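Novice: quick one: sequence and predicted model below, then my questions.
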Amino acid sequence: MRWTMMDLLFIGVGWTDLAITLNRVAVGAFFMLSGYHKLFNAERHRSIVDELKALGVPAVRFNQWWVPLIEFAAGGAVLIGLLAPLAALGLLVLILVAIATAGRQRIKLYKPIDESDRIDDWLYLPETLYAFMLIIVVSAGAGPYSLDALILGVMHKHVA
């Protein structure tokens, strides 16, 4: 493939399908592994319980299992591309709650010097970047290298 300078400057190199796939795999793997450790590692599980209590999250006895279970299951679904937009939407809800609770507390600790610094601090949060990665999956789907694409291909064959 040959690109001109104008192509590179204005439309990029292409490979959008690969970029969507890499984004999906990265964010799915992050949540699946994070949830796995919170479910099956006693020390990590204790830390989520402590964090939920410190943040004043209600129903800690329920959420200490619900949150990591959703991270693990929905993260795995996003990773392999199975009902990826729905799974990513569930994870997006979790990450928005994390931004509004733990993220807000960290921003206070950063002591922003003005409004632009405060915006910079919000954008600096890893949770914000994960939210944007999840929005891509919700809006673009799993992409062509996924179980969703395979299932849709089989369904279209049987309909036609």
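Specialist: That came through fine.
Novice: could you measure from the closest residue to residue 120 other than its chain neighbours over to residue 126?
Specialist: Using C-beta to C-beta, 6 or more residues apart in numbering and skipping residues adjacent in sequence, the residue nearest residue 120 is residue 112, 7.6 Å away. Backbone N, C-alpha and C define where each C-beta goes, glycine included. Per C-beta to C-beta, to the nearest Å, residue 112 is found 17 Å from residue 126.
Novice: I figured the residue nearest to residue 120 hits residue 121, correct?
Specialist: Yes. Contact criterion C-beta atoms under 8 Å: residue 112 and residue 121 qualify, at 5.3 Å.
Novice: who has more neighbours, these two?
Specialist: Shown here are residue 112 and residue 121; by other C-beta atoms under 10 Å, residue 121 has more neighbours (19 against 14).
Novice: can you point out the buried residues in the one helix or strand the more buried one maps to?
Specialist: Element membership for residue 121 (DSSP states H and E) is helix 115-124. Residues of helix 115-124 classed as buried: 121, 122 (neighbour count, 16 or more other C-beta atoms under 10 Å).
Novice: tell me where the longest helix sits in the chain.
Specialist: helix 16-40 (DSSP state H).
Novice: check which helices and strands that one sits against.
Specialist: If you count contacts as 3 or more C-beta pairs under 8 Å, 6 or more residues apart in numbering; DSSP states H and E, helix 16-40 packs onto helix 42-55, helix 60-80, helix 84-98, helix 126-140.
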